[in-house]
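Undergrad: when you get a sec, could you give me coordinates for this:
(chains A and B)
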Amino acid sequence: MLAGWAIVLAAVMLLATAGARTAFILAGIGVEAIGLALVIRAHPAPRGIED
Amino acid sequence: MPTAAPSLSDAAIALSIAFILLVPFAIAGLSLVNTGLGRSRSAAQMMMCSLGVVAVAALTYFVIGFAWQGYVDSQGFYFLIGGKEWNWISADRFFLRSVPLNGSPASLAVWLEMFSVCLAAIIPLGSGADRWRMSAAMISTVLLAGWTYPLFAHWVWGGGWLEQLGVNYGLGQGFIDASGSSTIQCVGGLTALSIAWILGPRRNKYTREGLPTAIPGHNVVYMTAGCLLALIGWIGLNGAGAVLLAGVDPGLVVLIAVNTILCAASAGLTAAIVTKIRFRKPDASLSVNGWVGGLVASSAGCAFIKPPEAVIVGIVAGGIVTLSVEWFELKLGVDDPGGAISAHALGGLWGVLAVGFLGTIGPAGASNSGQMAAQLVGVATLLGFVFPLTYGLNWLLDRIHRQRVEPEGERQGMDLYELGGGAYPEFMTHDEHSQ
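TA: Predicted structure coming up:
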C-alpha cells in the first residue's frame, strides 16, 4: 500500500502532462488495492469462538 | 484551498460560533448509534467509553494534537522538492500556546477541531463494540488524536501539501474536503477497520464453519434518535467547517445545511428501500448506517454541489453503505457491530470522490479533471499512508497492551466485567448459560 502511495507521489512530482499524471495516480491506487487485497488475505476468515 | 486565514465579519463569526455549538450533537448522536447497535450487556461500557474517548481526545489534542496540525497560516516544516514546498507538519507550540483564543478565525478553528477530533475518535468504538477494553480504547484514542488525525488534517486543512496541490502542481484547487469526509470520517473509519481486524470477531459471531450469525443491535430507539441528533450536529459541522477550514463564503451556509439534510435523507431512504427489496422489510440497523453514511458523504462537498447533486451523493452513499456492511461481514469476515467501516470509511471516500465528479469548483465551465486528480491523490493518501499508519500504531499497541477483553469479559458482558454493573439493572438482559 505504501508502494502505491509512493507511485502516486512520484506521479505528482515528476509528470507534467495531466493525462500521464492521472494515469499514474490511478495505477498507484491500483497497487494500493492489490496491497489491500493482500492485507485481507493476511486476516483469515474467522472460525468463531463458540461456547 | 485557502492559503491564508479567512477574513470574517462579526456576523460570520457569530454564525460560526452558532454552528460550532451544534457539533457536540454529532458526537452524542454517534455515541447513541454505537450503543444501540451493540448488545444490551455492553451498553453502559459503550457510553462510558464514548465519554472517556471524548475526554482523552480533547486533552490530547490540546497538549500535542493542534501543534502538529496547525492552521492555514501557521508555520510548518517542509521539504523542498523540485522547487516546490511539501509542507508536511505544523510547527506550532504545544498546549495551544500559538493561538490566542480570542474569537479570531484561527481560534474558532481550534474550537471546531477539538470537537472534530472527538468525533473522529468516537467512530472506532462502533467496530470494537462488545470486546474492546476501555483502557485500550483510551490509549488508541491518544494515538489517533495526538498523531494520525492531526497529521492528515494538517495536510488537508493546515496549509499542508495536499491543500497546496493546486498552487504547486495545478491540480484544480488542491485537495478539497470542506468539513471532514476524509480528515474526520475516513481517518476514524480506517481506524475502525484496523481495530476490527486486530480485535477479531465477537464471540459466537461466526460458527466453526465460518458462517456469520446475526447479533442484532439492542435498541432501535437509541439508533434512530442518534441519527436525528447527528443530523443537527452535522449541519453545524459542515457549516462551520466550510467557513473556517475551507474558506467558503458564509452566505453559503443555507446551501450547506440543505445539502446536508438532502444527503442524509436520500441515503437513509435508499438504505431502507434496498433492505426492503432484499429482506421484504426495511432493516433499521442498515437504514441507520445508510443515514450516517449520507451525512459522512455530505461533508466534503457540501458547499460545492447543488441540491440535486446532494441527492445523488446520498443515494450512492446509501447504496454503498448498505451493500458493503454485508460484504464486510460475509466475504471478509470483519465483525463491525456499528457499521463504522462502511458508513465512515467508505462513505467518506465516496464523499471525497464526489467533489471531483459533481463539484462546481473554480471558474464556471472549467474542466474538473485537475480537481479529480487532486481528490484521487487524497484517496491514495488515505489508503496508502493513513491506513497503514493507524493499523501499525494499533498493532503495536496491541503487542504492548492487549486490546481485546479477556474471554471471561465477553462471557459476562462488558458492563459487568469492566464497570461492575449493567446499563439496565432492573431487567434481566441475558442468560449467561444460554449462549
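Undergrad: compute the first-to-last residue distance for stretch B:5-15.
TA: End-to-end distance for stretch B:5-15: 17 Å, by Cα to Cα, to the nearest Å.
Undergrad: who's in contact with that stretch?
TA: The contact list for stretch B:5-15 (Cβ atoms under 8 Å, 6 or more residues apart in numbering or on different chains) reads B:16, B:71-73, B:103-106, B:108, B:239, B:243-244, B:247, B:250, B:253. Using the backbone N, CA and C atoms, a C-beta is placed for each residue, glycine as well.
Undergrad: and the longest helix seen in chain A, what's its mean pLDDT?
TA: Secondary structure of chain A read by DSSP state H shows that its longest helix is helix A:18-42. Throughout helix A:18-42, pLDDT has a mean value of 94.
Undergrad: quick check: beta-bridge partners of the closest residue to chain A within the stretch 201-350 of chain B?
TA: Per Cβ to the nearest Cβ, B:Tyr206 is where the stretch 201-350 of chain B lies closest to chain A, at 3.5 Å. Counting by DSSP bridges, B:Tyr206 forms beta bridges with B:Pro212.
Undergrad: tell me how many other residues surround it.
TA: By other Cβ atoms under 10 Å in any protein chain shown, 22 other residues sit near B:Tyr206.
Undergrad: then the one 10 residues further on?
TA: Other residues within reach of B:Pro216, judged by other Cβ under 10 Å, total 11.
Undergrad: what does B:Asp415 give?
TA: So B:Asp415, with other Cβ under 10 Å, has 25 neighbours.
Undergrad: ok, it - contacts?
TA: Taking Cβ under 8 Å, 6+ apart, one finds B:41-45, B:421-423 in contact with B:Asp415.
Undergrad: show me which residues of the longest helix of chain A are buried.
TA: A:21-22, A:24-26, A:28-29, A:31-32, A:35-36 (16 or more other Cβ atoms under 10 Å in any protein chain shown).
Undergrad: same check on stretch B:198-215?
TA: B:198-203, B:205-206, B:212, B:215.
Undergrad: after the worst-scoring helix or strand of chain B on mean pLDDT, next one along is what?
TA: The helix or strand of chain B with the lowest confidence, counting by mean pLDDT, DSSP states H and E, is strand B:76-81 at a mean of 91. Sequence-wise, the next helix or strand downstream of strand B:76-81 (DSSP states H and E) is strand B:84-90.
Undergrad: which other helices and strands does that following strand contact?
TA: When contacts are defined as 3 or more Cβ pairs under 8 Å, 6 or more residues apart in numbering or on different chains; DSSP states H and E, strand B:84-90 packs onto helix B:66-69, strand B:76-81, helix B:149-157, helix B:165-169.
Undergrad: C-terminal to it, what's the next element?
TA: Beyond strand B:84-90 toward the C-terminal end (DSSP H and E), the next one is helix B:105-127.
Undergrad: how far does that next one sit from the chain's center?
TA: Here helix B:105-127 is found 9 Å from its chain centre; the criterion is Cα atoms, centre = their mean, to the nearest Å.
Undergrad: average pLDDT across that helix?
TA: Mean predicted confidence for helix B:105-127 is 97.
Undergrad: that helix near chain A anywhere?
TA: No: using Cβ under 8 Å from any Cβ of the partner chain, helix B:105-127 stays clear of chain A, with a minimum separation of 13.6 Å.
Undergrad: near chain A, which residues of the stretch 251-400 of chain B? Just list them.
TA: Near chain A, when you scan the stretch 251-400 of chain B using Cβ under 8 Å from any Cβ, you find B:332-335, B:369-370, B:372-373, B:376-377, B:379-381, B:383-385, B:387-388, B:391.
Undergrad: returning to what we had before: quick one: contacts of the least confident helix or strand of chain B?
TA: With Cβ under 8 Å, 6+ apart as the criterion, strand B:76-81 contacts A:13, B:70, B:85-91, B:154, B:158-161.
Undergrad: go again using 10 Å as the cut-off
TA: A:9, A:12-14, B:68, B:70, B:84-92, B:154, B:158-161, B:164, B:168 (Cβ atoms under 10 Å, 6 or more residues apart in numbering or on different chains).
Undergrad: point me to the residue of chain A nearest chain B.
TA: A:Trp5 (2.7 Å).
Undergrad: restricted to buried residues, select the contacts of strand B:76-81 in ChimeraX.
TA: A single ChimeraX command suffices to select whichever of these are buried according to 16+ other Cβ under 10 Å:
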select /A:9,12 /B:68,70,84,86,87,89,90,92,154,158,159,160,161,164,168
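Undergrad: at the geometric centre of chain B, which residue do we find?
TA: Most central in chain B under Cα atoms, centre = their mean is B:Gln185, positioned 2.2 Å from the mean C-alpha point.
Undergrad: on that earlier part again, among the contacts of stretch B:5-15, which pair sits farthest apart?
TA: Taking Cβ to Cβ as the measure, these span a maximum distance of 22.8 Å, between B:Asp73 and B:Val253.
Undergrad: which residue would be the closest one in chain B to chain A?
TA: B:Gly384 (2.7 Å).
Undergrad: that residue touches A:Ile25, doesn't it?
TA: No: counting by Cβ atoms under 10 Å, B:Gly384 sits too far from A:Ile25 to count as a contact (11.1 Å).
Undergrad: which neighbours do these two have in common?
TA: By Cβ under 10 Å, 6+ apart, the residues touching both B:Gly384 and A:Ile25 are A:4, A:7-9.
Undergrad: for B:Ile261, which non-adjacent residue is closest in space?
TA: Nearest residue to B:Ile261, sequence neighbours excluded (Cβ to Cβ, 6 or more residues apart in numbering or on different chains): B:Leu231, at 6.5 Å.
Undergrad: what packs against the helix or strand where that neighbour lies?
TA: Under the criterion of DSSP H and E, B:Leu231 resides in helix B:220-244. Helices and strands touching helix B:220-244, as assessed by 3 or more Cβ pairs under 10 Å, 6 or more residues apart in numbering or on different chains; DSSP states H and E, comprise helix B:10-37, helix B:43-60, helix B:105-127, helix B:253-279, helix B:284-301.
Undergrad: just how off-centre is the second one within its chain?
TA: Helix B:43-60 has its average C-alpha position 15 Å from the chain's average C-alpha position, going by Cα atoms, centre = their mean.
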